[in-house]
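one predicted model, sequence on top.
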Amino acid sequence: MKRGGIAILVLLYLVLPWVMPTFYVTLANYIGLASIIALGLVLLTGVGGQTSFGQAAFVGTGAYVTAYFTTVHGISPWITLFIGLAVTGVITLLLGAITLRLSGHYLPLGTIAWSISLFYVFANLQGLGGYNGLSGLPGLHLFGYELTSGSDFYYLIWLAVFGALISIHNLLDSRPGRAIRSLRGGAGMAESFGVNTAVVKMWIFLYAGLLASLSGWLYAHYLRFVNPTPFGLNASIEYLFMAVIGGAASIWGAIIGAGILTILKQWLQDLMPRLIGRTGQFEIIVFGILMILLLQYARQGVVPLVARRFLKPRRVKVPESAVALAQRAKPAKGELMLEVRAARKEFGGLIAVNDVSFDLKAGEILGLIGPNGAGKSTMFNLITGVLPLTSGEVKFRGERIDTIPSRQIVRRGIARTFQHVQLRQTMSVVENVAIGAYLRASKGMVAASLRLDREEEARLLFEAKKQVDRTGLSAHLHDQAGSLALGQQRIVEVARALAADPTLILLDEPAAGLRYNEKVALAELLRRLRDDGVTVLLVEHDMDFVMGLVDRLVVMDFGEKIAEGLPGEIQTNPAVIEAYLGGVE
Ligand code: ADP
Ligand code: MG
């Protein structure tokens, strides 16, 4: 954001309590408390795609821990804050460990179960005051001054809001941030570039939980009493709704969403009983209808809807120069790189790859060809650890790799592209390519949140730019990947694979959808790669493209290797001609 915008925000922050009536200060405090929680959900759900119905229970954990330890044991709230965060942290890690490794809806279900059970724990434990809760919490003292009034808390609460906002903003614009942003749309791609997606999900679940717990601590000392009501499942759903309404993937959306919902709820609680003539939580009905309308007409939420009209998407700053990232030593020409031995893959009764063997030497471009459904992409998935072998083995530079997960395989120097393009469509080209270099850097979430990663980040983006230039996409550096033609998106995939600094690169139909000139440029690039010591395994459909380029060919048909040899030999091989023309006869 511009300097002027920040100055206005700071000024607003400082003077609001002076110019607003108390009622509005109170409202602002509630909005702030909810914003902290919604910000966590923007990270977890909006960006990371993991839904939690348990945030209110984490708020309750922070609130109850401080209520209990300050009133019963007389411990300072500044200590109980950290006890609350620690307890919440342990719970999120346990819940995460149980549910996050499983795909599907285990996290939402797990958090619902946790939410309901914790509510009854709060309500039924005598030590926690049952439904009446705990009262008489001490105020907060800061530099000898006691925070008592609503405006005192206003300053503290909104300081926390801005702290959370800035840290999440920083985080999303970083190496771990790109990993988080690539969780949506399947973990396969991120894992193929070394991201441990289960761990990343755990981190953001923890982060969101800690923010909720912090909000609970503030809430408890602001109101000076706690009871179970605000920490139930419906409160969790409201927090989710806030994140969605504002724009689930936008950090300002969290605050706008918290604002809209808090004010609306206040207003409906006044209005609905008058309309209906009875008291009750009727606002829930309106919220439900709103939710449906929103999902129907503005899935991205309110903020992106408005922002798209008025704001240009933010560009990442790519440095003019930076210290190059460390590079792998290239193997000597002729070294045995890849050994595939009797690789077999069965899908139920279908044998997609039937005991196929071949070798690949350093400095070679090997073409893997065959008609549709021959098993070429499956072969790629076996080599890169995306699919487990039914039998057989794969060795890379003498070491077995069919027993290790894909994120370990890329670490050894094998990078790939996907036949079905797996770019993050709303991320820019340079950011997509930077995901490829994930393993060549190391700064984590804490460093990124605190902006202690800038030097490394500059090196990463500089490397990404280098690969974008190398693949001839310089003009599209800052374009959204999804805005490129499909053929160009494939080339972005090549750039991303190159950013991993591979010694072996696997390309699955990179020339599909390219125009003639673009194909010539791609062939030129692949030859240059070979000269730079990168070994290439190329799956391709386009015979003309392959024949002039590769050193050797392996031909597959119905899962079997039917031929292997020099392009000239393959062109005249009767079995190959039969396989390619057989279906046409
Ligand atoms: P190619 O890339 O050579 O066109 P594939 O490797 O994609 O072929 O597919 C080989 C065969 O395996 C096809 O018959 C395809 O339908 C089948 N197949 C591929 N992936 C799966 C899967 N995940 N589950 C079941 N069958 C699959
Ligand atoms: Mg394929």
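Nice, I can see it. Ligands and ions are numbered 1, 2, ... in the order given.

burial measure for residue 87, as a count.
Counted with other C-beta atoms under 10 Å, the neighbours of residue 87 add up to 17. C-beta here means a position set from N, CA and C on the backbone, and glycine is covered the same way.

work out for me the element it sits within.
Here residue 87 sits within helix 77-99, counting by DSSP states H and E.

and what of residue 358?
strand 350-361.

what residues of that strand count as buried?
351-354, 356, 358-361 (16 or more other C-beta atoms under 10 Å).

so who does residue 18 touch?
Residues near residue 18 by C-beta atoms under 8 Å, 6 or more residues apart in numbering: residue 151.

now swap in residue 63 and tell me
84, 216-217, 219-220, 226, 231.

switch the cut-off to 6 Å
216, 219-220, 226 (C-beta atoms under 6 Å, 6 or more residues apart in numbering).

quick check: it vs residue 223, distance?
Going from residue 63 to residue 223 by C-beta to C-beta, to the nearest Å gives 9 Å.

equivalent analysis for residue 404, please.
For residue 404, the distance to residue 223 equals 52 Å [C-beta to C-beta].

just the strands from this structure, written as ranges.
Along the chain, counting by DSSP state E, strands occupy 134-135, 140-142, 145-147, 225-226, 336-347, 350-361, 365-369, 391-396, 399-400, 414-416, 504-508, 535-539, 552-557, 560-565.

sheet partners, orientation included, of the third one?
Just to be clear, that refers to strand 145-147. Paired strands of strand 145-147, with direction, are strand 140-142 (antiparallel) (DSSP bridges).

quick one: residue 425 and residue 483 touch, right?
No. Using C-beta atoms under 6 Å, residue 425 is not in contact with residue 483; the gap is 8.4 Å.

using a markdown table, lay out the strands of the chain together with distance to residue 175 and mean pLDDT.
What follows is those, written out as a markdown table (distance: least, C-beta to C-beta, whole Å; pLDDT from 0 to 100):
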| stretch | distance to residue 175 | mean pLDDT |
| --- | --- | --- |
| strand 134-135 | 43 | 90 |
| strand 140-142 | 35 | 87 |
| strand 145-147 | 38 | 87 |
| strand 225-226 | 39 | 93 |
| strand 336-347 | 28 | 96 |
| strand 350-361 | 31 | 95 |
| strand 365-369 | 31 | 95 |
| strand 391-396 | 25 | 96 |
| strand 399-400 | 27 | 95 |
| strand 414-416 | 17 | 96 |
| strand 504-508 | 22 | 95 |
| strand 535-539 | 27 | 95 |
| strand 552-557 | 37 | 94 |
| strand 560-565 | 40 | 92 |
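
looking at those, which is buried most?
strand 414-416 (a mean of 27; mean count of other C-beta atoms under 10 Å).

pick the one among the contacts of residue 63 closest to residue 26.
Of all the contacts of residue 63, residue 219 has the smallest distance to residue 26: 12.4 Å, by C-beta to C-beta.

so what's the closest one up against?
33, 63.

make it 8 Å
33, 59, 62-63, 226, 230.

over to residue 356?
340, 342-344, 375, 379, 392, 556, 559-561.

quick one: contacts for the closest residue to residue 579 other than its chain neighbours?
Nearest non-adjacent residue to residue 579, counting by C-beta to C-beta, 6 or more residues apart in numbering: residue 557, 4.1 Å away. Taking C-beta under 8 Å, 6+ apart as the criterion, residue 557 is in contact with 370-371, 374, 575, 579.

okay if I get the contacts of residue 63 as a markdown table plus distance to ligand 2?
Listed next are those as a markdown table, based on distance: C-beta to the ion, whole Å:
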| residue | distance to ligand 2 |
| --- | --- |
| 216 | 51 |
| 219 | 54 |
| 220 | 57 |
| 226 | 58 |
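
and those residues near ligand 1, which?
For ligand 1, no contacts are drawn from the contacts of residue 63 by C-beta under 6 Å from any ligand atom.

among these, which one lies nearest to ligand 1?
Among those, residue 216 lies closest to ligand 1 (C-beta to the nearest ligand atom), at 44.5 Å.

and the pLDDT at the residue lying closest to residue 260 once chain neighbours are set aside?
Spatial nearest neighbour of residue 260, chain neighbours left out: residue 245 (5.8 Å); criterion: C-beta to C-beta, 6+ apart. Reported pLDDT at residue 245 in the predicted model: 82.

gap between residue 245 and ligand 1?
38 Å (C-beta to the nearest ligand atom, to the nearest Å).

wait, that residue sits on residue 295?
No. Applying C-beta atoms under 8 Å, one finds residue 245 not in contact with residue 295, separated by 10.6 Å.

comparing the two, which residue is more hemmed in?
Comparing residue 245 with residue 295 by other C-beta under 10 Å, the one with more neighbours is residue 245, at 26 against 10.

list the contacts for the more buried one?
Taking C-beta under 8 Å, 6+ apart as the contact definition, residue 245 lies against 253, 256-257, 260-261, 290, 294, 301-302.

distance of it relative to residue 68?
For residue 245, the distance to residue 68 - C-beta to C-beta - is 33 Å.

rewinding a little: farthest pair in the contacts of residue 219?
Across the contacts of residue 219, the longest distance by C-beta to C-beta is 13.0 Å; it joins 33 and 226.

for the stretch 301-450 of the chain, which spans come out with low pLDDT?
Along the stretch 301-450 of the chain, segments meeting pLDDT under 70 span 304-305, 307-313.

spell out which parts of it neighbour ligand 2.
Residues of the stretch 301-450 of the chain lying close to ligand 2 (C-beta under 5 Å from the ion) are 377, 419.

8 Å - rerun?
Contact residues, the stretch 301-450 of the chain versus ligand 2 (C-beta under 8 Å from the ion): 372, 376-378, 380, 419.

for residue 87, which non-adjacent residue is spatially closest?
residue 65 (5.4 Å).

the one you found contacts residue 79, correct?
No. Judged on C-beta under 8 Å, residue 65 makes no contact with residue 79 at a distance of 10.6 Å.

the more surrounded of the two?
residue 65 (24 against 12).

pLDDT score assigned to the closest residue to residue 164 other than its chain neighbours?
Spatially, and ignoring its direct neighbours in sequence, residue 164 is nearest to residue 39 (4.7 Å; C-beta to C-beta, 6+ apart). Listed pLDDT for residue 39 reads 95.
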